[in-house]
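A.B. asks: Provided below are the primary sequence and the corresponding predicted coordinates.
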Amino acid sequence: MKRILIVEDDRSIQELLKQELNDEGYATSIAGNGREALDLLRSDAKFDLIVLDLRMPAMDGFETMGHILKLKEETPVVIHTAYPSYKNDALAQAADAFVVKSHDLTALKKTIFSLIGK
């Protein structure tokens, strides 16, 4: 089973993503900010993909992405944000994909499937 790390501060979005991705057959873990995500990435936990929000407290997605790059983490990263204007940011462009948040998760699910399959 493919494992996905969801890095998202909004609890309702966390639950929605978790439920939808679990229903698609993925195992999920949740981090509420970048610090929590980095702790998980530095642990023995292995993930097949990271879904990363950009606007979060404690450590935002931009800083988190910088740390992921420094760790030479090979795990694909999907930026998942409500702010399409961030697509041109250098750290956002370092991600494997950029998906604008929507209540319809079809684009996100298709992107995940294209990167890691099932």
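C.D. replies: Great, that's in hand.
A.B. asks: which of the helices or strands spans Met59?
C.D. replies: Assigned by DSSP states H and E, Met59 belongs to no helix or strand.
A.B. asks: and it, how many neighbours?
C.D. replies: By other Cβ atoms under 10 Å, the residues close to Met59 number 18. (Each C-beta comes from the backbone N, C-alpha and C, glycine too.)
A.B. asks: dump the residue contacts of the residue found closest to it once you drop the neighbours it is linked to in the chain.
C.D. replies: Spatial nearest neighbour of Met59, excluding adjacent residues (Cβ to Cβ, 6 or more residues apart in numbering): Gly34 at 3.1 Å. Applying Cβ atoms under 8 Å, 6 or more residues apart in numbering, we find Gly34 in contact with Val7, Met56, Ala58, Met59, Asp60, Gly61, Glu63, Thr64, His67.
A.B. asks: pLDDT-wise, which helix or strand of the chain ranks last?
C.D. replies: Within the chain, confidence by mean pLDDT, DSSP states H and E is lowest for helix 90-93 among all helices and strands, at a mean of 91.
A.B. asks: who touches that helix?
C.D. replies: Residues outside helix 90-93 that contact it (Cβ under 8 Å, 6+ apart): Leu54, Phe62, Met65, Gly66, Leu69, Ile79, Tyr86, Lys87, Phe98.
A.B. asks: most centrally placed residue in this structure?
C.D. replies: Nearest residue to the geometric centre of the chain (Cα atoms, centre = their mean): Val51, 1.2 Å.
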